[in-house]
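*Asks:* quick one, what's the 3D model for this:
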Amino acid sequence: MPHLTQRFRPLVLLAVLLAVIAGQPALARPRTILDDAEFRAEAQAGLDKLYDMDFNGADAIFAGISKRYPDHPVGPFLEALSPWWQIQVNILDESRDAAFLKSMDEVLDRCKHRLKKDPQDLDGLFFDAGAHALRGRLYADRGSYFRAARDGQKALSSLQEVHKRDPQNPDLLLGVGLFDYLADVVPRQHPFLRVFTSFFPKGSRERGLAELEQAAEKGQFVSTEAAFSLLQIYFVFEDDYATSLHYARLLRDRYPDNSLFHVYEGRSFARLNLWDDARRSLQEVADRQAAGKPGYRGDVAEQALYLLSRDAVRRRQYSEAIELLQRLERQPPHGREESVYKTLGRLYRGMALDALGQRDEALRFYKLVRSAKGPDSAREIAKNLMKYPYPSG
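*Replies:* Just a heads-up that it's a prediction; the model follows:
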């Protein structure tokens, strides 16, 4: 099973940016960037392109906004979103980390300057929360959990200040709901993270789900973020694949070119044993990868090829499985760690070779699995298959 941070990567507190776009806080406040109707329209247009993985189109819009607001934290924040999404598509690839972190540092510097002049500056609070949240997410993905927890604590503090001013705004419920849900559920399912609960208020699974559902249904600008968070929550933590499929299909209707939504659709079908639908969806992912479509690479492509090959072994279509697994093996490395899907693929390649009577070649792949770092379950299966060949009948 892939590591937690590889399995669950919601876009978490882009909600903070989207809350800026969303609407007017209830309490009186000085003029902010969200009062600019042109900014609101352009930012939403850029985010729509981003969600559909039109990175060049999004970058062009965000660059125009950045030029219009040369000293505002919105500029480096928006310009960091394309590399952020590309990191999420290909989580093991650290080549964009430095540029992304540099942008977040610039956001925080600009926020610090604004908040020094006015501690209640809404733009400073909004983007301070957003930068700490996204930077913390990257630290978590890279295993720097104390850094991640400290950034999460700072993000939550700023977000709560904003929430106090407009508690009925459903667009603000994405960040609040995610903290409520994850603070309750993650430490119980992953005990090694309990040490970090002292950084945060006590959460509530039920309240978090209700808040996220309200954000998905009623949010003006955060409905996509909230729906994707719910998709991943129901898939990873709740084991409710019918509901994860509901959100995957809803998101694919909105953004048919988003590879993350696409592969989750196929994975949800597979978990429900709806293999005809799973095969169709995952084959589309594999075809788009072969065609070089933006976003269809790295982790996303490997998931599709692995699941298709596993299904082919299940159907005893061993030659088809080997062809898919050869494609999986040819995927370029995209990180310092060995891809878990390549390791699992080698296990199934050995099984397919065994079933075709190619025992010596099968043993070679089982040995590769045994020498890999993980997952442990795959190494144990390979150990058994080295003693007892995979049946061909």
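
*Asks:* list the contacts of the closest residue to L81 other than its chain neighbours.
*Replies:* The shortest distance from L81 to any non-neighbouring residue, by Cβ to Cβ, 6 or more residues apart in numbering, is to L50 (5.7 Å). The C-beta positions use only the backbone N, C-alpha and C, and glycine is treated the same way. The contact partners of L50, by Cβ atoms under 8 Å, 6 or more residues apart in numbering, come to 58, 81-82, 85.

*Asks:* L159 versus L50, what's the distance?
*Replies:* 21 Å (Cβ to Cβ, to the nearest Å).

*Asks:* same check on P375?
*Replies:* 35 Å.

*Asks:* between those two, which is the more surrounded one?
*Replies:* Counted by other Cβ atoms under 10 Å, P375 and L159 do not tie: L159 has more neighbours, with 26 against 17.

*Asks:* you'd agree the more buried one is up against L173?
*Replies:* No - using Cβ atoms under 8 Å, L159 makes no contact with L173, being 10.7 Å away.

*Asks:* ok, back up a step: return the subset of the contacts of L50 lying in helices.
*Replies:* 58, 81-82, 85 (DSSP state H).

*Asks:* quick check: buried residues in stretch 111-125?
*Replies:* 111, 114-115, 121-125 (16 or more other Cβ atoms under 10 Å).

*Asks:* what of stretch 152-170?
*Replies:* So stretch 152-170, judged by 16+ other Cβ under 10 Å, has buried residues 152-156, 158-163, 165-166, 169-170.

*Asks:* hmm, which of those residues is lowest in pLDDT?
*Replies:* Model confidence across these bottoms out at D166, which has 66.

*Asks:* can you pull out the helices in the stretch 101-250 of the chain?
*Replies:* Secondary structure of the stretch 101-250 of the chain (DSSP state H, counting those that start in this stretch): helices located at 122-141, 145-165, 173-189, 205-218, 223-232, 241-254.

*Asks:* point out the other helices and strands that the first one packs with.
*Replies:* What it means is helix 122-141. Judged by 3 or more Cβ pairs under 8 Å, 6 or more residues apart in numbering; DSSP states H and E, helix 122-141 is in contact with helix 4-7, helix 14-22, helix 74-79, helix 81-89, helix 97-117, helix 145-165.

*Asks:* and that helix, how far from the chain's centre?
*Replies:* Relative to its chain's centre, helix 122-141 lies at 16 Å (Cα atoms, centre = their mean, to the nearest Å).

*Asks:* hmm, back to that, which of the buried residues of stretch 152-170 sits closest to G136?
*Replies:* G152 (4.6 Å; Cβ to Cβ).

*Asks:* which residue sits closest to that closest one, ignoring its sequence neighbours?
*Replies:* G136 (4.6 Å).

*Asks:* the one you found: neighbouring residues, count only.
*Replies:* The tally of other residues near G136 (other Cβ under 10 Å) stands at 25.

*Asks:* check the ones in helices among the contacts of L50 and tell me the two furthest apart.
*Replies:* A58 and W85 (8.6 Å).

*Asks:* domain parsing of the chain, as residue ranges.
*Replies:* Following the assignment in automatic domain parsing, the chain carries domains at 4-239, 284-387.

*Asks:* of the ones you listed, which shows the lowest average pLDDT?
*Replies:* domain 4-239 (a mean of 82).

*Asks:* ok, M104 touching A131?
*Replies:* Yes - assessed by Cβ under 8 Å, M104 is found in contact with A131 at 4.6 Å.

*Asks:* neighbour count winner among those two?
*Replies:* Set M104 next to A131 and count neighbours by other Cβ under 10 Å: A131 wins out with 30 against 24.

*Asks:* hmm, back to that, dump the ones in helices among the contacts of L50 to JSON lines, plus neighbour count and distance to R288.
*Replies:* Shown next, in JSON lines, are these (neighbours: other Cβ atoms under 10 Å; distance: Cβ to Cβ, whole Å):
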{"residue": "A58", "neighbour count": "23", "distance to R288": "19"}
{"residue": "L81", "neighbour count": "22", "distance to R288": "22"}
{"residue": "S82", "neighbour count": "22", "distance to R288": "19"}
{"residue": "W85", "neighbour count": "23", "distance to R288": "16"}
